[in-house]
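[1] A structural model of the following input is requested.
(one chain, ligands or ions: 1)
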Amino acid sequence: MSKVRLGVNIDHVATVRNARGETYPSPLRAALKAQKSKADSITIHLREDRRHINDNDLKLIKSKLKIPLNLEIAATKEMLRIALKNKPSFICIVPEKRKEITTEGGLNLNYNKKFLREIINKLKKNKSRVSLFIEPSLKDIKRSKYLNADCVEIHTGKFCNLVNENKNYKKELNKIRSSVLLGNSLGLEVHAGHGLTYKSAKILSKISGIKEFNIGHFLIGESIFQGLANTIKQFKKIIN
Ligand code: PXP
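    Alright, predicted model coming up:
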């Protein structure tokens, strides 16, 4: 069976740095440490308001990292320009609302389809692998294929909330499972992310066909206690 990849999202290293307006802790240092600890890729989300990762972080990390950089961006002209200039190996297009604390749901693929298709094709021509962050919905899997994405990343937030609250998550898990199946049968590479902990990642690891997990908030938080290298090691063990 092929190896399942772990993308380490380091946005919240920048959140801690920015809380005090200092130059530390350094997201670049976290990216290089994660790389050394066998992360398969590094994920950063350059938000419109630059609340965590900023343009300089992107430039620095892109220039020093040897493993693939996965840049999350909103579907805007500004972000398209930045992504084309920086040429990260991977790009994940995500929805963005100014007032949200985190990315609350998947993309609305019914909105602005022409622009989305245009962005995807431009990024692909520029040699970036393009993924769309979507809800676990069969309709959105089919739409992602139509839009010519290489991959989809399934938003696991609702599922993870149910797991954390010890509520019945079966229905949400089934939605994820059938989305993975359909995505794979259409030739899309399927990823999963948002809100994952050791417990929720372990449940999802039983679904074969998820090729990549992107994990940030819990992983960075847990690193305070276990260290980044140990936390990455544990997640890699879980997802494989
Ligand atoms: N995947 C995508 C597309 C995201 O936007 C995020 C962050 O919101 C994550 C994964 C990681 O989520 P978390 O920080 O909750 O692990």
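[2] tell me what the longest helix along the chain is packed against?
    The residue-count maximum for a helix in the chain (DSSP state H) belongs to helix 170-185. Helices and strands touching helix 170-185, by 3 or more Cβ pairs under 8 Å, 6 or more residues apart in numbering; DSSP states H and E, are helix 138-146, strand 151-155, helix 157-164, strand 189-193, helix 198-204. Placement of C-beta: from N, CA and C, glycine included.
[3] For the helix or strand where Ile224 lies, buried residues please.
    Using DSSP states H and E, the element containing Ile224 is helix 217-226. Residues 217-220, 222-223 are the ones in helix 217-226 that count as buried (16 or more other Cβ atoms under 10 Å).
[4] Just the CA coordinates for it, please, in CSV.
    Extracted in CSV, the C-alpha atoms of helix 217-226 (Å, rounded to 0.1, in the frame of the first residue of the first chain):
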residue,chain,number,x,y,z
HIS,A,217,-3.7,23.7,15.0
PHE,A,218,-3.7,20.5,17.2
LEU,A,219,-0.2,19.5,15.9
ILE,A,220,1.4,22.8,16.8
GLY,A,221,-0.4,22.9,20.2
GLU,A,222,0.7,19.3,21.0
SER,A,223,4.2,20.2,20.1
ILE,A,224,4.4,22.4,23.2
PHE,A,225,4.2,19.3,25.3
GLN,A,226,5.8,16.6,23.1
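[5] tell me what the very next helix or strand once past that helix is packed against?
    Next helix or strand after helix 217-226 toward the C-terminus (DSSP H and E): helix 228-239. With contacts taken as 3+ Cβ pairs under 8 Å, 6+ apart, helix 228-239 sits against strand 5-9, helix 27-36, helix 198-204, strand 210-215, helix 217-226.
[6] For the most centrally placed residue in the chain, give me its contacts.
    In the chain, the C-alpha nearest the mean C-alpha coordinate belongs to Asn214, at 4.5 Å (Cα atoms, centre = their mean). By Cβ atoms under 8 Å, 6 or more residues apart in numbering, the contact list for Asn214 reads 7, 9, 43, 70, 92, 153, 191-194.
[7] just the residues you listed that are near the ligand?
    Filtering the contacts of Asn214 for proximity to the ligand by Cβ under 6 Å from any ligand atom leaves 9, 92, 153, 193-194.
[8] what's near enough to touch the closest residue to Ile44 other than its chain neighbours?
    Leaving aside its sequence neighbours, Ile44 sits nearest to Ile53 (Cβ to Cβ, 6 or more residues apart in numbering; 4.5 Å). Residues near Ile53 by Cβ under 8 Å, 6+ apart: 10-11, 14, 27, 44-47.
[9] pLDDT wise, what is the residue nearest to Leu162 when sequence neighbours are not counted at?
    Distance criterion Cβ to Cβ, 6+ apart; nearest residue to Leu162, sequence neighbours excluded, is Tyr169 at 3.9 Å. Reported pLDDT at Tyr169 in the predicted model: 98.
[10] gap between Tyr169 and Phe159?
    Distance of Tyr169 to Phe159, computed by Cβ to Cβ, to the nearest Å: 6 Å.
[11] quick one: which of those two has more around it?
    Phe159 (24 against 19; other Cβ atoms under 10 Å).
[12] Contacts only, for that one.
    Applying Cβ under 8 Å, 6+ apart to Phe159 gives the contacts 136, 169, 172-173, 176, 195, 200, 204.
[13] redo that, cut-off 10 Å
    Counting by Cβ atoms under 10 Å, 6 or more residues apart in numbering, Phe159 touches 136, 169, 171-173, 175-176, 192, 194-196, 200, 203-204.
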